[in-house]
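Participant: With the input below, show me the fold.
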Amino acid sequence: FERGDVVLNCFSYHFTPAGSMFETGLHHIGCAVIPGGVGQTEMQARAIADLQPAGYVGTPSFLKLILEKCDEMGLESSSLKRALVSGEAFLPPVRDFLRARGVDAYQAYGTADLGLIAYESPAREGLLVDEEVIVEIVRPGTGDPVAEGEVGEVIVTTFNPDYPLVRFATGDLSAVLP
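Facilitator: The predicted structure is shown next:
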């Protein structure tokens, strides 16, 4: 995103910090934020047509639903050019759908407790681990590291002075790319 962008934030602001976390980051770089939250697909489609945001943050599947609703309602959605998606897997069919619509979408991975853990780069070769955290991939229930390329549970350590967490078990599965 760039300074001056208008961004539709479809992360929840209720009982989760995601909406606020993304809004704070967007404001920090100088973006205006439409606090769309979750649900209300028809209203989200109308907001895109009326306010013409350049960007979107939220889950990838919800962005796909909103764009399909725009089509169904005959509403313009071509202003959307960029997206940062998270909160669920960014599956190839959804990635291809967004690319065909001219939306350059990247994914990020984080949790409410830790904030950002990893993010995608233009290389599109997996996610890069944030420099402020330590990530381990372990055999679930044992804490034993798995071999490179083997699927295991994501364990994260952060030394954030406000809320340090050591070997926080996310419950998510992943693998280290060779």
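Participant: When you work out contacts or count neighbours from here on, use the C-alpha atoms and nothing else.
Facilitator: OK.
Participant: Name the residues of whichever strand in the chain runs longest that are buried.
Facilitator: Longest strand of the chain, by residue count under DSSP state E: strand 165-174. Within strand 165-174, the residues that qualify as buried are 165, 168-169, counting by 16 or more other C-alpha atoms under 10 Å.
Participant: What is the subsequent helix or strand relative to the longest helix seen in the chain?
Facilitator: Across the chain, the helix with the greatest residue count (assigned by DSSP state H) is helix 60-73. Beyond helix 60-73 on the C-terminal side, the first helix or strand identified by DSSP states H and E is strand 82-85.
Participant: Which residues outside that following strand are in contact with it?
Facilitator: With contacts defined as C-alpha atoms under 8 Å, 6 or more residues apart in numbering, strand 82-85 is touched by 1, 54-60, 103-108.
Participant: The following helix or strand past that strand packs against which elements?
Facilitator: On the C-terminal side of strand 82-85, the nearest following helix or strand under DSSP H and E is helix 92-100. In terms of contacts (3 or more C-alpha pairs under 8 Å, 6 or more residues apart in numbering; DSSP states H and E), helix 92-100 is packed against helix 60-73, strand 104-111.
Participant: Need the contact partners of the shortest one.
Facilitator: Looking back up the chat, that one is strand 104-111. Here strand 104-111 makes contact (C-alpha under 8 Å, 6+ apart) with 81-87, 90, 95, 98-99, 116-121, 127, 170.
Participant: Just the CA trace of stretch 100-108, in CSV.
Facilitator: What follows is stretch 100-108 as a C-alpha-only set of coordinates in CSV (Å, rounded to 0.1, in the frame of the first residue of the first chain):
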residue,chain,number,x,y,z
ALA,A,100,-7.6,-12.3,-13.2
ARG,A,101,-9.4,-9.3,-11.7
GLY,A,102,-6.2,-7.3,-11.6
VAL,A,103,-5.8,-7.5,-7.8
ASP,A,104,-2.2,-7.9,-6.7
ALA,A,105,-2.7,-9.8,-3.5
TYR,A,106,-0.1,-10.9,-0.9
GLN,A,107,-0.6,-13.0,2.2
ALA,A,108,0.6,-12.5,5.8
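Participant: Tabulate the buried residues of strand 165-174 in JSON lines, adding columns for distance to residue 65 and pLDDT.
Facilitator: Conversion of these to JSON lines gives the following (distance: C-alpha to C-alpha, whole Å; pLDDT from 0 to 100):
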{"residue": "165", "distance to residue 65": "36", "pLDDT": "95"}
{"residue": "168", "distance to residue 65": "33", "pLDDT": "96"}
{"residue": "169", "distance to residue 65": "31", "pLDDT": "95"}
